[in-house]
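Student: attaching a predicted model along with its sequence, questions to come.
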Amino acid sequence: MNYAPFPPDAHALIDLAQQADFKIGAIEVRPSIRQVIAGGRDEFVQPRVMQVLVALARAGGAVVSRDELTERCWGGRIVGEDSINRCISKLRELSELDGKASFHIETIARVGYRLLPAGEADRSTSATRTSTESVAADAAGNRGNLVVPAATIGGIALIAAAFLAYLAWFRQPTPPPAQIAAGETSIAVLPFKNLSSDKDVEHLAAGMQDEILTRLAKIGSLKVISRTSTGKFGSGPENIPEIARRLGVANVLEGNVQRSGNSVRINVQLIRASTDDHLWAEDYDRKMDDVFSVESDVAEAIATILAAKVTPGERREIAEAPTTNPKAYDLYLRGLVFARTNETSNLQTAIQLLAQAVRADPKFALAWAWLARTLAYTHYGDDLATVRRGAAHAALAKALALQPGLAEAQTAKGFYLYYGEMNYPAAQRELERVHARWPNNADALEALGLILRRQGKWSESRDALVKLVALDPLVPEHRINLVGTLATQHDFADAVRVCDDALRIWADNGWILATKANAYQEIGRLDLAEVLLKNVHPAPDDQNLLWAVEQQFWLRRQYARGAAFIRGLIELGQEQLAPAAHLRVMLGEFLRMGGDARGARENYSRTLEYKLGKLKQRPNDTDVLMSLPLVYAGLGDFGMAMRSADHTVEVLRESNDAYEGASAANVRVRVMARLGDRGAAIAELARLMKLPGDLTPALVRLDPDFDRLRGDPRFERLLITPLSNR
């Protein structure tokens, strides 16, 4: 065995960074990087496991007591037997890393442990066996000379049997801690608490929680709740069982962070929610330049305790340090906190901080990946040539060049293809690879669900969004997106059920109420929609709520009330250009139908001027294009209305956007109906009503846009066509 004995300060806490490499049989041990290598295989171990291995190996075959182990490996803190037992069990697994035992760890009852290389352990076992056999042989050899009473012989046999049983017992591996059932390998990492007096360290606590959660999420055998749901709870919550119930997990990890100068103390504790028992707790004292290791240490410990199956690839990703530059890492953590919010001002701050991080460490692939992803998100809908020449493309190229196999870099590529280039098929392929490799990545799963929907892959989109709700259960937007997919497929029963589930959590959420009202409108239940919309109060720029309220006035043909409602929002918004443009289209529609042709024309004209100006900047902006046909139709220019409608449908067809394409086709058929070309309008309407979209028999029956088609038998037959899931 190639190792050096302990120096005189053998009882000091083992500093792995100061330990030289050594070998035990065929196994090579590298304490400073916590790596064990044998037969072409390698494994990175937790710091505590490595400290115990070093303590036992440096003892040179002598017994190391439990007290000595706690002194050398835990700094003398009181630790439970399970903590030591877990380390010993892990070392016994490592002893056979290359398929054959390189060393044995013996348990010396009520004393401690000793480590022996395989050959020495075999000789020790053989010597013990020989000694025992000699006692038996001596007893047998003396039988001729000595008469031993039968009772005495029986007693000796019992003593020998007991002795052999004892020897067999203490050589058995220590049993591992009780394992958690497979259905209970779910966990939520709650926000970490900042115990530092300096509030500027808040980002460190948030970043540590985020990075630990990310590493756990890379273990496919675990279910790890997304940070956006766990973030709903403050640090140090009191009712862990209730939080776990709301998140749908069996286990909860809490933590706190305290920084003083260049030193950081991180405390974490894993709690079984059903019993409120502490499964594991640990303190980590680190310098800032070594704080990276804590995240992987915690993730590995939790995986062990929850009996999670961790693949070699997952283990490598968990153990990998993203940078060796403390300043760059600090900037990265700060940027990450802002990037997670998805708010425009915060995203700009995140971009600045991440750019500083990669300047501090140009080889920091993880920071490059997040910079690329954040930049791509801010460029959604921009000119493609500009995007490909821009900073997002350059940052992504840098991340992939540095670490092409980095999961976050592949995720960034998927986001860049989606938000930057709007290349939905390529983005789908990339994000499907990410999801297969990293199933707990809620961000990638959300983007994948929306991309599948844009491509008209409705069932696949629904499945992805259902999984997303399970991983991120406290984000209402996920359920609303799921409802949108279900409603597009005309699955209104499930759409209403998902809304009801959401309303049990967020009873007064206006967006959910409006979404449920939309579902009722599409099946013609305006009475039920009316009840819900009494509790909805949209702001001028909140199109998610506006649409349901406008639709209710429109379908009930309450044009004067609709116009008054829109005027109030325009005044409230003080003519903010973007929301005002949408509001003036709807005001024009209500005034037109209410007989105020002059007022309608004034609003259509003001909107047209604004929209044409926007199209000069971004010719294929679908938000602008979508309502332009209605503006032209309102002004009586039906030729331009049809050309504009055809152009919008074609733009969305070329971009493979089936979801928005269905809405564009809806606008186009309304223009056709207003033109009065019954044959063409009815044929197109018949085609669209067979496809996923927002045209249903009940809605068409109520909608004033189709009044010029009424009385035609072909149109009336469409209104009695039943929905598949009504």
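Tutor: Sure thing, it's come through.
Student: average pLDDT across the helix or strand residue 469 falls within?
Tutor: Using DSSP states H and E, residue 469 falls within helix 458-471. Helix 458-471 shows a mean pLDDT of 96.
Student: name the helices or strands packed onto it?
Tutor: Secondary-structure packing of helix 458-471 (3 or more CB pairs under 8 Å, 6 or more residues apart in numbering; DSSP states H and E): strand 223-224, helix 442-454, helix 476-488. Any C-beta I mention is one placed from the backbone N, CA and C, and that applies to glycine too.
Student: in a markdown table: those, plus mean neighbour count and distance to residue 496.
Tutor: Putting the helices and strands packed on helix 458-471 into a markdown table (neighbours: other CB atoms under 10 Å; distance: least, CB to CB, whole Å) gives the following:
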| stretch | mean neighbour count | distance to residue 496 |
| --- | --- | --- |
| strand 223-224 | 24 | 27 |
| helix 442-454 | 25 | 19 |
| helix 476-488 | 22 | 8 |
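Student: residue ranges with poor pLDDT in the stretch 401-550 of the chain?
Tutor: Within the stretch 401-550 of the chain, no range satisfies pLDDT under 70.
Student: whoops, I mixed them up, the chain
Tutor: 1-11, 76-82, 109-110, 119-183, 235-238, 381-387, 573-579, 721-726.
Student: let's see 50
Tutor: Flagging of the chain using pLDDT under 50 yields the residue ranges 3-8, 123-183, 723-726.
Student: please parse it into its domains.
Tutor: Structural domains assigned to the chain are 1-176, 182-321, 367-504, following automatic domain parsing.
Student: residue contacts, residue 45?
Tutor: Residues near residue 45 by CB atoms under 8 Å, 6 or more residues apart in numbering: 34, 35, 36, 53, 90, 94, 300.
Student: and the third one, how many residues sit next to it?
Tutor: Residue 36 has 23 neighbouring residues, counting by other CB atoms under 10 Å.
Student: hang on, the earlier thing: and the angle from the helix holding residue 469 to helix 476-488?
Tutor: 160 degrees (axes from the mean of the first three to the mean of the last three CA atoms, to 10 degrees).
Student: now do the buried residues in helix 458-471.
Tutor: For helix 458-471, a neighbour-count test (16 or more other CB atoms under 10 Å) marks 458, 460, 461, 462, 464, 465, 466, 467, 468, 469, 471 as buried.
Student: can you list contacts of it?
Tutor: Contacts to helix 458-471, defined as CB under 8 Å, 6+ apart, come from residues 223-226, 248, 440, 442, 445-446, 448-450, 452-453, 478-479, 481-482, 485-486, 488-489, 692.
Student: alpha carbons of that helix, as PDB, please.
Tutor: C-alpha atoms of helix 458-471 as PDB (Å, rounded to 0.1, in the frame of the first residue of the first chain):
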ATOM      1  CA  TRP A 458     -50.900  19.400 -30.100                       C
ATOM      2  CA  SER A 459     -50.800  16.000 -28.300                       C
ATOM      3  CA  GLU A 460     -47.000  16.200 -27.800                       C
ATOM      4  CA  SER A 461     -47.400  19.800 -26.600                       C
ATOM      5  CA  ARG A 462     -50.100  18.800 -24.100                       C
ATOM      6  CA  ASP A 463     -47.900  16.000 -22.700                       C
ATOM      7  CA  ALA A 464     -44.900  18.300 -22.300                       C
ATOM      8  CA  LEU A 465     -47.000  21.000 -20.500                       C
ATOM      9  CA  VAL A 466     -48.600  18.400 -18.200                       C
ATOM     10  CA  LYS A 467     -45.100  17.300 -17.200                       C
ATOM     11  CA  LEU A 468     -44.200  20.900 -16.700                       C
ATOM     12  CA  VAL A 469     -47.100  21.600 -14.300                       C
ATOM     13  CA  ALA A 470     -45.800  18.600 -12.200                       C
ATOM     14  CA  LEU A 471     -42.300  20.000 -12.100                       C
END
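Student: that helix vs helix 442-454, what angle?
Tutor: Going by the same axes, to 10 degrees, helix 458-471 makes 160 degrees with helix 442-454.
Student: give me the distance between helix 458-471 and the centre of its chain.
Tutor: The chain centroid and the centroid of helix 458-471 are separated by 13 Å, computed with CA atoms, centre = their mean, to the nearest Å.
Student: all strands for the stretch 1-150 of the chain, in order.
Tutor: Under the criterion DSSP state E, counting those that start in this stretch, the stretch 1-150 of the chain contains strands at 22-24, 27-30, 35-38, 41-44, 64-65, 103-108, 112-117.
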